[in-house]
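J.: Give the three-dimensional model of this entry:
(chains A and B)
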Amino acid sequence: MPELHAQADVIPEIPVGAAVERLVDWLYDNFLPFFEFLSWLGTSIYELCSSALLYLPALVMVGLLTALGWWLRGWKFAIYAFLGTTLIISMGFWQHAMQTLTLILLATVLATVASVPLGILAAYSDGISRLLRPLLDFMQTTPPFVYLVPALALFGIGVFPGMVATVIFAMPPGVRLTELGIRRVDPEMVEAGEAFGAPQWQILTRIQIPLALPTVLAGINQVIMLALSMVVIAALVGAGGLGEDVYRSITTTNIGLGAASGLAVVLLAIYLDRLTQSLGDRSAVATAQRATETA
Amino acid sequence: MTVRNVSTLRAENLYKVFGHRSNEAVRRLKAGADRAEVSEDLKVTPALIDASFDVNPGELFVVMGLSGSGKSTLIRMLNGLLLPSAGKVFVEDQELTALGDRQLRQLRRDRVSMVFQHFALFPHRSVLDNAAYALEVRKVGKRDRIEKARRALEMVGLSGWDNSFPFQLSGGMRQRVGLARALAAETDILLMDEAFSALDPLIRRQMQDQLIGLQHSLHKTIVFITHDLNEAMKLGDRIAILQAGRIVQIGTAEDILNTPANDYVAQFMQDVDRSRVLTADAVKEKPPATIPLGSDPRETLQIMVDHQLSTALVTDDGQRLAGAVLDEEVAAAAKREDDSIESLIHTDIPKTTRDAVIAEILVPTDESALPIAVVDDDDRLLGIVPRTRLLAALGRHYGGDTGPSDHFDAAEADRA
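T.: As a prediction, this is how the structure comes out:
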């Protein structure tokens, strides 16, 4: 113990916690209307989307999801989609499942919109890449509760702070895999574009992004999976959906409810995972690569 | 600045040094410092040192060098993909090395296109879209673009493959798409970076022949990079040889073969199949005597005896080749006191054109005692190639007798 005291004397205390607290206070004092507006906007969009998904009768939605699975992946997956979704209905989670689906899709869209451009910037600039790396580490590894509390303070209880936390946690693989995908495009492809006088923007949009697409889509797939893993934490601040059922099962030690709602999350996760994977597989480049590998 | 000949592409004292202290490295290299020493001292890589050359309109200019000789660096400076550490590149009167990004892109779109070693086709685009790429960049309308791309694909023999994707094609076909992409761009300058090196030998030879064929009708100005000397000799109107970043010799295949600039080049030449490089023009001799067409057998025999000939060529007064006569037959006719040699003339004698390579004319020699007549397009006699002359020309690099070299000198003087 004496050593500890001695160290404490030598190394001055840095009030990290207090600084962050002051920052959040300052944001609260000066920008609260702005955050409230964001929260209102996000919540409204969420309500709109989830009521759109729930507007159609559940069985029609089952049909649509099954058809989508068939179109993108084939009949085996369509069977899974049909059985999975009907199982969710029969367990009584349909409404919550659609709410969760909405949350995931919105968070994924937001995360993609933010992460793909960041990934491209990072691929182009080593400086930005170096700068982003610790930030992404922070987003991926900080326990979500840490930023959930300030998010609560600024956005209030509801679906939006849950969505923000989900985006923060789910975004990093989107950035990383976009950067990786762009960086791994054969330099000769880029050189060919340059040699024929294509401007940089065209090289990016017509050569680099199409060629990086399978990797970028793998990143978005990971974003979706990570977003799904956040449903319970999002439910803690009032995001609703399947996460709420899981959370309720914990607080009421209801093993049956926990198992059933957990299964519903997994069914949803597998459906979204396979669906987005097949998006990547279907891109022209992936087809070409597969063909050359088997040749 | 002095007036200079308009060459399509011109490099002036180009240097490229990779590394932080490139300026200092260039300064020292210019002062005559050794490449290895500069590289060691400054921790830089001098890739190209003081390269200067002109490429004439319609010329196929080959740059030959082994890996690490700086040839890839060189070709990338000709369209500004790399900027030189020092020196200038001109495309006609436009200084490429002084252009801004926008102008440089413009120049690449309008004047210079490129074919790549590993084809660099876009895997996500169809063959047609690949071929049309340069036109797309140039914002040519879709209909026009497709038509031109189709025509380019036709030129390289790939009609009907429009909707295939690169991965469905063999290596040779892929490179033909690469060539079509560059041809469709309709630039007058074509840069070919080891374009055939990744292909297997048989396909490579086909591609070389195709390029020669295309060049006959298109007359592009081509800079062709290769590490294969036989390829260089086959394709190049002129060849520049790169050794450790420096151009050590520029000349025609024959120049380089017969008068290598240094030991390095001479060593290279050992591997060259001389019979495929040397032309009839280079080894031909002036015939010791020709017989005028109107001569009688007695005059003819006299000329042949004077020059100790067993056969002699007969030409008309326009120097056009009529055929050959044999000494025994002439002697017999003289004895019979015939008054014309016309019935004695053999017309089916071996003939060749001046640009035929020795490999092509070796075969007729083996079957015939007659020397080979070298004639021009109008059948005018330019010279003869005796069998012994062929062997002497082929044997030069074995250190044997070099034979009468005045004919080579004469051939060079012709070109100059």
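
J.: And the helices in the stretch 251-400 of chain B?
T.: Taking DSSP state H, counting those that start in this stretch to define them, one finds helices in the stretch 251-400 of chain B at B:253-258, B:263-269, B:280-283, B:297-306, B:327-336, B:358-367, B:387-395.

J.: Quick one: the ones you listed as TSV, columns for mean neighbour count too.
T.: Bear in mind the C-beta positions are built from the backbone N, C-alpha and C, glycine included. What follows is those, written out as TSV (neighbours: other C-beta atoms under 10 Å in any protein chain shown):
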stretch	mean neighbour count
helix B:253-258	24
helix B:263-269	15
helix B:280-283	24
helix B:297-306	17
helix B:327-336	16
helix B:358-367	15
helix B:387-395	17
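
J.: closest to A:V190 out of these?
T.: helix B:263-269 (34.1 Å; C-beta to C-beta).

J.: The closest one - contacts with which helices or strands?
T.: Judged by 3 or more C-beta pairs under 8 Å, 6 or more residues apart in numbering or on different chains; DSSP states H and E, helix B:263-269 is in contact with strand B:238-243, strand B:246-251, helix B:253-258.

J.: B:R105: which of the ones you listed is closest?
T.: Checking the helices and strands packed on helix B:263-269 against B:R105 by C-beta to C-beta gives strand B:238-243 as the closest, at 27.3 Å.

J.: related to what we said a few turns ago, rank the helices of the stretch 251-400 of chain B by pLDDT, which is bottom?
T.: Of all these, the minimum mean pLDDT falls on helix B:358-367 (a mean of 66).

J.: Any regions of chain A where pLDDT drops low?
T.: A:1-8, A:284-295 (pLDDT under 70).

J.: Residue in it with the shortest distance to chain B?
T.: A:G197 (3.5 Å; C-beta to the nearest C-beta).

J.: List the residues that contact that residue.
T.: By C-beta atoms under 8 Å, 6 or more residues apart in numbering or on different chains, A:G197 lies in contact with B:104-110, B:134, B:137-138.

J.: what does A:F77 give?
T.: Counted by C-beta under 8 Å, 6+ apart, A:F77 has contacts A:69-70, A:274, A:278.

J.: Quick one: residues contacting the nearest residue to B:R125 once chain neighbours are set aside.
T.: Spatially, and ignoring its direct neighbours in sequence, B:R125 is nearest to B:Y133 (7.1 Å; C-beta to C-beta, 6 or more residues apart in numbering or on different chains). By C-beta under 8 Å, 6+ apart, the residues touching B:Y133 are A:192, A:196, B:122, B:125, B:181.

J.: From what I see, the first one and B:Q117 are in contact.
T.: Think A:A192. No: at 11.4 Å, A:A192 and B:Q117 do not qualify as touching, with contact defined as C-beta atoms under 8 Å.

J.: Quick one: residues contacting A:V24.
T.: Contacts of A:V24 (C-beta under 8 Å, 6+ apart): A:150, A:153-154.

J.: What helix or strand is it located in?
T.: helix A:16-55 (DSSP states H and E).

J.: List the contacts of whatever helix or strand comes next after that helix.
T.: Next helix or strand after helix A:16-55 toward the C-terminus (DSSP H and E): helix A:58-73. Residues outside helix A:58-73 that contact it (C-beta under 8 Å, 6+ apart): A:53, A:56, A:77-78, A:80-82, A:85-86, A:89, A:94, A:98, A:271, A:274-275, A:278-279, A:282.

J.: cutoff 6 Å now
T.: By C-beta atoms under 6 Å, 6 or more residues apart in numbering or on different chains, the surrounding residues in contact with helix A:58-73 are A:77-78, A:81-82, A:85, A:89, A:94, A:275, A:278.

J.: for those, which one is nearest B:H20?
T.: A:S278 (48.2 Å).

J.: returning to what we had before: indicate which one of the helices and strands packed on helix B:263-269 is closest to chain A.
T.: strand B:238-243 (20.6 Å).

J.: Output that closest one as CSV, nothing but the C-alphas.
T.: Provided in CSV are the C-alpha atoms of strand B:238-243 (Å, rounded to 0.1, in the frame of the first residue of the first chain):
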residue,chain,number,x,y,z
ARG,B,238,14.8,-0.1,-83.8
ILE,B,239,15.8,-1.5,-80.5
ALA,B,240,17.1,0.2,-77.4
ILE,B,241,19.0,-2.0,-75.0
LEU,B,242,18.7,-1.1,-71.3
GLN,B,243,21.4,-2.3,-68.9
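
J.: ok, it: who's next to it in the sheet?
T.: Using DSSP bridges, the strands paired with strand B:238-243 are strand B:60-65 (parallel), strand B:246-251 (antiparallel).

J.: Now those in JSON lines, please, with extra columns for mean neighbour count and mean pLDDT.
T.: JSON lines is the format used below for these (neighbours: other C-beta atoms under 10 Å in any protein chain shown; pLDDT from 0 to 100):
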{"stretch": "strand B:60-65", "mean neighbour count": "25", "mean pLDDT": "94"}
{"stretch": "strand B:246-251", "mean neighbour count": "19", "mean pLDDT": "93"}
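
J.: So which bits of the longest helix along chain B are buried?
T.: Longest helix of chain B, by residue count under DSSP state H: helix B:201-218. Neighbour-count burial for helix B:201-218, counted by 16 or more other C-beta atoms under 10 Å in any protein chain shown, picks out B:203-204, B:207-208, B:210-211, B:214-215.

J.: Quick check: of these, which lies closest to B:A152?
T.: The closest of the buried residues of helix B:201-218, once distances to B:A152 are taken by C-beta to C-beta, is B:L214, at 10.3 Å.

J.: The closest residue to the closest one other than its chain neighbours: how many residues sit nearby?
T.: For B:L214, ignoring the flanking residues on the chain, the nearest one in space by C-beta to C-beta, 6+ apart is B:M155 at 6.4 Å. Neighbours of B:M155 under the rule other C-beta atoms under 10 Å in any protein chain shown: 19.

J.: Need the helices and strands packed on helix B:263-269 in TSV (columns: distance to A:F138).
T.: Listed next are these as TSV, based on distance: least, C-beta to C-beta, whole Å:
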stretch	distance to A:F138
strand B:238-243	51
strand B:246-251	53
helix B:253-258	63
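
J.: separation between the spatially most central residue of chain B and chain A?
T.: Central residue of chain B (C-alpha atoms, centre = their mean): B:G236, 1.9 Å from the mean position. Separation of B:G236 from chain A (C-beta to the nearest C-beta, to the nearest Å): 22 Å.

J.: list the contacts for that residue?
T.: Neighbours of B:G236 in contact, by C-beta under 6 Å, 6+ apart: B:60, B:62.

J.: One more: the one 5 residues further on?
T.: Residues near B:I241 by C-beta under 6 Å, 6+ apart: B:64, B:248-249, B:265.

J.: Closest one of those residues to B:L190?
T.: B:M64 (17.3 Å).

J.: What residues are bridge-paired with the closest one?
T.: B:T226, B:I241.

J.: That one and B:E231: what is the separation?
T.: 8 Å (C-beta to C-beta, to the nearest Å).

J.: picking up where we left off before, identify whichever of the helices of the stretch 251-400 of chain B lies nearest to A:G238.
T.: That would be helix B:263-269 among the helices of the stretch 251-400 of chain B, by C-beta to C-beta, at 79.3 Å.

J.: Show me what from the stretch 151-300 of chain B comes close to chain A.
T.: Residues of the stretch 151-300 of chain B lying near chain A by C-beta under 6 Å from any C-beta of the partner chain: B:165, B:167.
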